[in-house]
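**Q** Curious how this folds, go ahead:
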Amino acid sequence: MEDFKNILFLDIETVACTEHYASLEERMKVQWARKANFFRQREEGQTDENLFNERAGIYAEFGKIIVIAIGKLTENEKGERGLKTKYFADHDETTLLQEFKSALEKMDQSQLKLCAHNGKEFDFPYLSRRMLVKDISLPLALNLSGKKSWDIPHLDTMELWKFGDYKHYTSLDLLATIFNIPTSKGELDGSKVNSVYYQEKDLKKIAEYCVGDVVAVAQLFLKLKGLSLIAPENIIHS
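**A** This next block holds a predicted model:
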């Protein structure tokens, strides 16, 4: 536990910045059209609007964060490893990011390490970009300015699985399957988050799905370290 107590596992859920493409500012429509041109080369017949609804949430410039889930490893009085999770969910992205930043700053910033699946390519840069867009200064754990690569406090379970193979992408769902880790993928997946948010208006459902992914990331991290999974009864959601 001493080696892992300062790791904060996290996952984010993102959606398009607005429900309707028509409500985008004209300058943003121009920028999205430029982005969409790259997609159309492979997807004939797709309009800017269709592509916006399907893909905008992936990009920090055109999306927003609606849920951030976090988890920390714990140990009970019996010496059994556990996990405590929490989530931040809000329709107002600024409020959400400020709450998350406040939570980070209550932790020991000199020791804190963030861990996510594909976090170095998605979660960490997305969080940083959206904070800057919302005029929120970056917390130490996300501020990479002037840091050497070996000083960056970020862990990535996908990178751990690559073992140096930079061509290889493996989803969290696939790794959870081969390591027999329970997931929430049967109820929801990333491709449906935008519609669940804007059409079903079910933020709580998305938050619970996000927490499930944080649990899966923590469990996967332990397996990649040659350790056993956390028993379900030792996973506490707050």
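**Q** List the strands paired with the longest strand seen in the chain, with their directions.
**A** When the chain is parsed with DSSP state E, its longest strand is strand 63-75. With DSSP bridges as the test, strand 63-75 is paired with strand 7-16 (antiparallel), strand 81-89 (antiparallel).
**Q** would you list every one of the strands in the chain?
**A** Here the chain has its strands, by DSSP E, at 7-16, 63-75, 81-89, 113-116, 154-156, 235-237.
**Q** Relative to Leu188, which of the ones you listed is closest?
**A** strand 7-16 (9.5 Å; C-beta to C-beta). Any C-beta I mention is one placed from the backbone N, CA and C, and that applies to glycine too.
**Q** what residues are up against the residue nearest to Gln109 when sequence neighbours are not counted?
**A** Of all residues not flanking Gln109 in the chain, Leu140 sits nearest, at 4.3 Å (C-beta to C-beta, 6 or more residues apart in numbering). Under the criterion of C-beta atoms under 8 Å, 6 or more residues apart in numbering, the neighbours of Leu140 are Leu104, Gln109, Leu112.
**Q** The residues you listed, buried ones only, as a ChimeraX selection?
**A** Entered in ChimeraX, the line below selects the buried ones among these, by 16 or more other C-beta atoms under 10 Å:
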select :104,112
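**Q** Lowest pLDDT pick from the contacts of Leu140?
**A** Within those, the minimum per-residue pLDDT falls on Gln109 (82).
**Q** surely that one meets Ala141?
**A** Yes: using C-beta atoms under 8 Å as the test, Gln109 is close enough to Ala141 to be in contact (6.5 Å).
**Q** where does this structure dip in pLDDT?
**A** 1-2, 40-44, 184-187 (pLDDT under 70).
**Q** And the residue in it sticking out farthest from the centre, how close does it get to Ala16?
**A** Computed with C-alpha atoms, centre = their mean, the maximum C-alpha offset from the centroid of the chain is found at Lys78, amounting to 31.6 Å. Distance, Lys78 to Ala16, by C-beta to C-beta, to the nearest Å: 46 Å.
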